[in-house]
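Asks: 3D, please:
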Amino acid sequence: MSQAIAEILASRVPRQEDVAQHCALSLRTLQRRLHEAGSSYQQLLDEVRFTQAKTQLSSTQKPLHSIAEQLGFIEPRSFFRFFKRRAGVTPGQYREQHKA
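Replies: Now for the predicted structure:
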């Protein structure tokens, strides 16, 4: 499911329905499988976004606002808060620490 989210995220923020369709599942089956795995759609989406953010920050020089937009954040400020909450550092600090 993470792969489906990542593929859809390349063009837009995926909805649960999009991921279910991409995985050839009904929406209810997708929700049930996530529940059985002790996860939720939002947790999975956040995990994919965080992974992609770390990759972008460490391997490109894209502006932070462009990365935020690509990951579906409406405001860069939301991305900064999201990233700092997950990584413990700001996106800029992470980039500095993980330069390729």
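
Asks: and S11, which of the three is it?
Replies: coil (DSSP: H, G, I helix; E, B strand; the rest coil).

Asks: burial of it, as a residue count?
Replies: S11 has 8 neighbours, counted by other CB atoms under 10 Å. Every residue, glycine included, has its C-beta placed from N, CA and C.

Asks: spit out the contact partners of the residue nearest in space to the middle of the chain.
Replies: Note on the chain: the residue nearest the mean C-alpha position is R49, at 1.4 Å, using CA atoms, centre = their mean. Going by CB atoms under 8 Å, 6 or more residues apart in numbering, R49 touches L9, L71, G72, F82.

Asks: quick one: the helices in this protein, in order.
Replies: Secondary structure of the chain by DSSP state H: the helices cover 2-9, 16-22, 27-36, 41-59, 64-70, 76-87, 91-97.

Asks: lowest average pLDDT across the ones you listed?
Replies: In terms of average pLDDT, helix 2-9 trails the rest of those, at a mean of 89.

Asks: from the contact counts, what lies against that one?
Replies: Applying 3 or more CB pairs under 8 Å, 6 or more residues apart in numbering; DSSP states H and E, we find helix 2-9 packed against helix 16-22, helix 41-59.

Asks: residues in contact with it: which ones?
Replies: Contacts of helix 2-9 (CB under 8 Å, 6+ apart): 14, 18-19, 22-23, 44-45, 47-49, 52, 71-72.

Asks: around the spatially closest residue to R86 that is not a sequence neighbour, how many other residues sit close by?
Replies: Leaving out its chain neighbours, the residue that sits closest to R86 by CB to CB, 6 or more residues apart in numbering is F50, at 5.0 Å. F50 has 16 neighbouring residues, counting by other CB under 10 Å.
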